[in-house]
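>>> sequence and predicted structure are below.
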Amino acid sequence: MQKRIITLILLIGILHTVTLAQKGFLTLSGFVSDNENGEHLPGATILVDGLNKGTVTNTYGYYSLSLPQGKYRIVYSFIGYAKIVVELDLRLDTTLNIEMQTVTERLQEVEITDQAARENITSDQMSTNTLSAKNIQSIPMLMGEVDLIKALQLLPGVKFVAEGTSGFSVRGGSPDQNLTLLDEATVYNAGHLMGFFSVFNNDAVNSVTLYKGDLPARYGGRLSSLVDVRMKEGNMKKFHGNGGIGLVASRLTLEGPIVKNKASFMVAGRRTYADLFLRLSQDEILQSSALYFYDLNTKVNWSVNQRNHIYLSGYFGKDVLKSSQFKMNWGNATGTLRWNHIFHEKLFSNFTFVVNRFNYALGIPEGNIQAFLWESELTDYTFKGDFTWYANSNNTVRFGVSSIYHDFFPGTIEGLGDSASIGNYSIPSNYAIESGIYLSNTQKLGALFTLKYGLRLSVFNNIGPGTVFGYDAQGSPVDSTEYPAGKIYNTYVGLEPRLGIVFKLNEISSLKASYSRNFQYIQQAENSTGGSPLSIWFPASPNVKPQIGDQVALGYFRNFKKGMFESSAEVYYNNVKNAIDFRDHADLLLNKFIEGELLTGKAWGYGIELMLKKNRGKFSGWISYTYSRTFQEITGISNGDPYPASYDRPHDFSIVVNYNIGQQISLGLTWVYLTGQPITFPVGRFVYGNKIVPVYSERNSYRMPEYHRLDVSFTWRDKDRPGKKWHNSINISVYNAYNRKNPWVINFLSDPNDPNVTYAESTYLFGIIPSITYNFRF
Amino acid sequence: MKQKTIRIFILLGISFGLLHGCTERIDIELEQEFTRLSVEGYVTADKNTFQFVRLTKTAGYFSNEPPPPVSGATVSVDDGTNLFMFTEDQQNPGYYRPPQDFQGIPGKKYQLSVELAEEIAGTTHFEATETMPPLSDDIDSIRIIYRSDFDFWAIKFYGYDPPGPNFYMFNAIRNGVLITDSIQKVNVTDDKLVDNSYINGAYVMILDRTELNPGDQFTLITSSISEEYYNYILGLQAELHPKNPLFSGPPANVTTNLSSGGVGYFAAFPSAYTDYIVRPF
């Protein structure tokens, strides 16, 4: 009842402020795009000179401003672009599409205004970071493969979960608490080659925005973060291509107009060729083996008219591991159709349809004695309708609905051939619908305050056919109930408030605070940290309650030297109810009774995140430092006492520097430092069955040695002259430059020569790894 | 099933060269003060020397000494009607042996009681109970083949798995000598994939080429074990196997059936014996 009243008050509040809006206001609206390729520019600032009014373009580059009739100077600006000033006599509702030009190095200092970089100060969103494909490209990477996820891992509050992998923890959460979207489609497994490379081909990416905990009301379903990856739209004006040849993979991206200024396409492909080296091997088994991944990004973008815009994008990626005796493959496929429709200059809408799938298959091919095939798949069908109502110059109302149909096919294994010695075993599929409806308003209160208040109502339904098992305290099944097709047999409802306030101290600094609550209804069954592709996702159910996360954050943001430097300091506290962990030695694969392996409890964490970022000049990059702690208390683990979570790494320091020496040469440097990962070590031993068996400490009561690593890169570009079509560049990078032996795992083993002697052995994955990549564009 | 999964992961790990990494011994400081009673106890349905209760004390992980035996304890096993006293073996301190003709009976519940002469971790009394499962002995035959592609011997099993969940443990005797002489070599499996059906040559054990020779007298011991003991052995094997962050869960103590903080396991199981003469390659 109380919750319902809050909803009502929120609604009334929004309606009230809107009706106060005066009649006689006019609307100035349009799209802002890049003049070279026609791509829309999200996050560009539009400011009315002299008045303290302005707005920012949305994800699709659209803006809408309400102003009384009159003469104005409108300033359009965006980092890296020359500002545009428009003198305007506003007498009617006006559409003004703006094309902005990128600035050259020399012009930069002159052209940049402090307004361009004000977005981080005034935005109603805190705890976010945006990286462009260009930023990401300048960071040195493992084997020279530019990697978006590994770039994110260098941001404050973000930590990798195991060396070199694309799994990451945000503010102490587990990797499955991050929602990774590629053009609105969920990517369930962001790793190639056991996670050592991410599924995102940077050449196909426009930008990535990370939201840490404070998710906008239009998103939900995960507790820790949203990683919003946007693919390039494709060049509307000219045909272009770029690509590269590296040690691990080759890439090629093509883009260009289908109809000039009307429709464009982008297609980007990537394939590794590690397996080509296998063919050179003397070993017969290796010769017939394959080990590779490939991925393909495609996008078509059609500007039907000023009011309608259609985007169709797809991703397909696959990893293949094959020999005559074993084969395995896994991958993601996504397809997104989006339709932007402007109902009215003040009402922008976007309708999204998504199908995405993650699957894997492995087995021993037919013809072998133990032949079998094991398959698992998760498919989502999503519909979303999002609306933005630019009610007046002080209120921007967002509302919408979304619904996801989840089809979980956790796995089946079957023997192959006549002589199959393995029978069949399958875990029944299950189905669920995850829906959300939200309403939020961003309201300016005078010149100093901006309020953001919104509510997301999420509803989760398990629908039949399905079988629900009852479990005893030890997690053994005791009974089962069958539900027929179409029957909704379980429902959870979540009320998720999202609140934020910005207090502008002056033009260059602000204070922000936020509170958000998120519900997570689906999670990954994985108790290892390394990001194996063989994990399955399972939903909330009568046995599994949704995880509920609350987070409060407070931040101070300040820019220096006309936005050349951005700095931020944030503190946060988060708390998770119904946090999930697994029983010791849990059997998480091919197990019908996986819910019996779950343990629940609570988790909480806090931290401070500091960041100083330099946006322009010869030197650019950032320094970030995070101090954070994160704990869990789970009934059935460590006697129910609190223990540090696996992602608890108090000190986290990153330096990312890019230094341009003239036009042709740039140097990149990254240094990271993290407190060692908490770990469980043996405190005693006994003998059973002629083997020395360890007796362990309480969970995570020891730590691995601290982790640190330096990566450097050198990039040479050929000279640019006007009219030049083909551009070459060569990148040489060195991963782990001072060859630090960071332990990946520490094992406790018995000496084969003396069974009474036991010792600790550290395994490290990557010593110093140099690489070279050739890139081109035309 | 878990066995299968683990084997797949090992195969994956081998296929994926990157995972080899490099290793080196390192020094780590660990707590040394931890002490508990450790029990390794067996009751079988045969009159044999595999039946005993061994008591030792746990030691610091890097102690590098043989396990200290616990002598002078009173050890008994109660089957509900009779109480059997186990007496300490004077040649092997810490080993307690049953009376001469002691023999377990499937379906009976066995309770082990240990009364120590001196306290360990604050107590002298320890207990454990285990019910001996019925013997699933509908075994037709076994066959042993040499697989040249993998360079190993595969022991294939032919027989019927009775309905309901069953758990099996496999040991092997070669020319009268137990070759599954450590818990890591023992094979255990559940019947998830074969429940209530004919098992037509599934591999129940894999041996290195050097472990068998043509002409050897081979005996497969198929024991019917409890689900708890099955989980205990799997847990032990998981802990003895090197960890790998890609696939391993967090290290964890194996669930024991001992009371009062004791570690180890008191097991009771019947066994069936199947003979085979190893044929040439």
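The structure has been received and is ready for your questions.

>>> wait, what's in contact with the residue nearest to residue A:387 when sequence neighbours are not counted?
Spatial nearest neighbour of residue A:387, chain neighbours left out: residue A:349 (4.8 Å); criterion: Cβ to Cβ, 6 or more residues apart in numbering or on different chains. Quick note: C-beta positions are derived from backbone N, CA and C, even for glycine. Residue A:349 sits next to A:340, A:341, A:342, A:343, A:385, A:386, A:387, A:388 when contact means Cβ atoms under 8 Å, 6 or more residues apart in numbering or on different chains.

>>> try 7 Å
A:341, A:343, A:385, A:386, A:387 (Cβ atoms under 7 Å, 6 or more residues apart in numbering or on different chains).

>>> ditto for residue A:26
So residue A:26 contacts A:67, A:69, A:90, A:92, A:93 (Cβ under 7 Å, 6+ apart).

>>> hang on, the earlier thing: nearest to residue A:555 among the contacts of residue A:349?
residue A:386 (26.1 Å; Cβ to Cβ).

>>> run a quick check on that closest one versus residue A:216, I expect a contact.
No. At 10.0 Å, residue A:386 does not count as touching residue A:216 under the criterion of Cβ atoms under 7 Å.

>>> between these two, which contacts overlap?
Common neighbours of residue A:386 and residue A:216 (Cβ under 7 Å, 6+ apart) do not exist.

>>> in PyMOL, how would I select just the buried ones from the contacts of residue A:26?
With 16 or more other Cβ atoms under 10 Å in any protein chain shown as the criterion, this PyMOL line picks the buried residues out of the contacts of residue A:26:
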select buried, chain A and resi 67+90
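
>>> between all of the contacts of residue A:26, which two are separated the most?
Most distant of those, by Cβ to Cβ, are A:67 and A:92, 11.7 Å apart.

>>> turn the contacts of residue A:26 into TSV, columns for secondary structure, distance to residue A:750 and pLDDT.
Shown next, in TSV, are the contacts of residue A:26 (DSSP: H, G, I helix; E, B strand; the rest coil; distance: Cβ to Cβ, whole Å; pLDDT from 0 to 100):
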residue	secondary structure	distance to residue A:750	pLDDT
A:67	strand	78	91
A:69	coil	86	90
A:90	strand	82	90
A:92	coil	85	89
A:93	coil	80	90
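
>>> which member of the contacts of residue A:26 is positioned nearest residue A:702?
residue A:67 (62.8 Å).

>>> who is the closest one paired with across the strands?
Beta bridges link residue A:67 to residue A:26, judged by DSSP bridges.

>>> now distance to residue A:428 too, for the contacts of residue A:26, in JSON lines please.
What follows is the contacts of residue A:26, written out as JSON lines (distance: Cβ to Cβ, whole Å):
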{"residue": "A:67", "distance to residue A:428": "59"}
{"residue": "A:69", "distance to residue A:428": "65"}
{"residue": "A:90", "distance to residue A:428": "63"}
{"residue": "A:92", "distance to residue A:428": "62"}
{"residue": "A:93", "distance to residue A:428": "57"}
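
>>> can you tell me which residue of the stretch 551-700 of chain A sits closest to chain B?
Chain B sits closest to residue A:689 of the stretch 551-700 of chain A, with a gap of 2.6 Å, by Cβ to the nearest Cβ.

>>> you'd agree that residue is up against residue B:181?
No. The criterion here is Cβ under 7 Å, and residue A:689 misses it with residue B:181 at 8.7 Å.

>>> contacting residues around residue A:268?
Counting by Cβ under 7 Å, 6+ apart, the residues that residue A:268 touches are A:201, A:203, A:204, A:253, A:297.

>>> 8 Å instead, please
A:201, A:203, A:204, A:232, A:251, A:252, A:253, A:254, A:296, A:297, A:298.

>>> what about the strands in the stretch 1-150 of chain B?
Secondary structure of the stretch 1-150 of chain B (DSSP state E, counting those that start in this stretch): strands at B:22-26, B:37-44, B:52-57, B:74-78, B:83-88, B:95-97, B:109-120, B:123-131, B:139-147.

>>> could you dump those strands into TSV and include distance to chain A?
What follows is those, written out as TSV (distance: least, Cβ to the nearest Cβ, whole Å):
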stretch	distance to chain A
strand B:22-26	5
strand B:37-44	4
strand B:52-57	6
strand B:74-78	17
strand B:83-88	17
strand B:95-97	12
strand B:109-120	12
strand B:123-131	13
strand B:139-147	8
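
>>> what residues are bridge-paired with residue A:582?
Going by DSSP bridges, residue A:582 forms beta bridges with residue A:598.

>>> for residue A:313, same thing?
residue A:299, residue A:336.

>>> what do you get for residue A:328?
Bridge pairing for residue A:328 - DSSP bridges - gives residue A:321, residue A:362.

>>> quick one: which helix or strand includes the nearest residue to residue A:311 once chain neighbours are set aside?
Spatial nearest neighbour of residue A:311, chain neighbours left out: residue A:338 (4.4 Å); criterion: Cβ to Cβ, 6+ apart. Assigned by DSSP states H and E, residue A:338 belongs to strand A:327-344.

>>> hey, where'd the strands end up in the stretch 651-778 of chain A?
Using DSSP E, counting those that start in this stretch, strands in the stretch 651-778 of chain A cover A:651-661, A:665-674, A:678-679, A:682-688, A:691-696, A:702-703, A:707-717, A:727-735, A:745-750, A:758-764, A:769-777.

>>> which of these is buried the deepest?
strand A:682-688 (a mean of 23; mean count of other Cβ atoms under 10 Å in any protein chain shown).

>>> who's in contact with residue A:224?
A:169, A:170, A:171, A:172, A:173, A:174, A:177, A:178, A:212, A:213, A:549.

>>> nearest residue to the middle of chain A?
residue A:227 (2.4 Å; Cα atoms, centre = their mean).

>>> can you name the element that comes right after the helix or strand hosting that one?
If you go by DSSP H and E, residue A:227 is part of strand A:225-231. Per DSSP H and E, the first helix or strand lying C-terminal to strand A:225-231 is strand A:240-245.

>>> list the pairing partners of that next one within its sheet, with orientation.
Strand A:240-245 has these strand partners (DSSP bridges): strand A:249-259 (antiparallel), strand A:769-777 (antiparallel).

>>> with mean pLDDT and distance to residue A:623 added, can I get those strands in a markdown table?
Putting the strands paired with strand A:240-245 into a markdown table (pLDDT from 0 to 100; distance: least, Cβ to Cβ, whole Å) gives the following:
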| stretch | mean pLDDT | distance to residue A:623 |
| --- | --- | --- |
| strand A:249-259 | 94 | 30 |
| strand A:769-777 | 91 | 24 |
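
>>> which of these sits closest to residue A:581?
If you check each of the strands paired with strand A:240-245 against residue A:581 by Cβ to Cβ, strand A:769-777 wins as the nearest, at 34.3 Å.

>>> residue contacts, the closest residue to residue B:36 other than its chain neighbours?
Nearest non-adjacent residue to residue B:36, counting by Cβ to Cβ, 6+ apart: residue B:58, 4.7 Å away. Applying Cβ under 8 Å, 6+ apart, we find residue B:58 in contact with A:684, A:685, A:686, A:695, B:34, B:35, B:36, B:37, B:38, B:67, B:263.

>>> at 7 Å what do you get?
Residue B:58 neighbours (Cβ under 7 Å, 6+ apart): A:684, A:685, A:686, A:695, B:34, B:35, B:36, B:38, B:263.

>>> equivalent analysis for residue A:263, please.
Contacts of residue A:263 by Cβ under 7 Å, 6+ apart are A:257, A:301, A:302, A:303.

>>> now, which of these sits nearest residue B:71?
Nearest to residue B:71 among these, with distances taken as Cβ to Cβ, is residue A:301, at 81.9 Å.

>>> returning to what we had before: tabulate the contacts of residue A:224 (TSV), appending pLDDT.
Below are the contacts of residue A:224 laid out as TSV (pLDDT from 0 to 100):
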residue	pLDDT
A:169	94
A:170	96
A:171	95
A:172	93
A:173	94
A:174	92
A:177	95
A:178	95
A:212	94
A:213	86
A:549	96
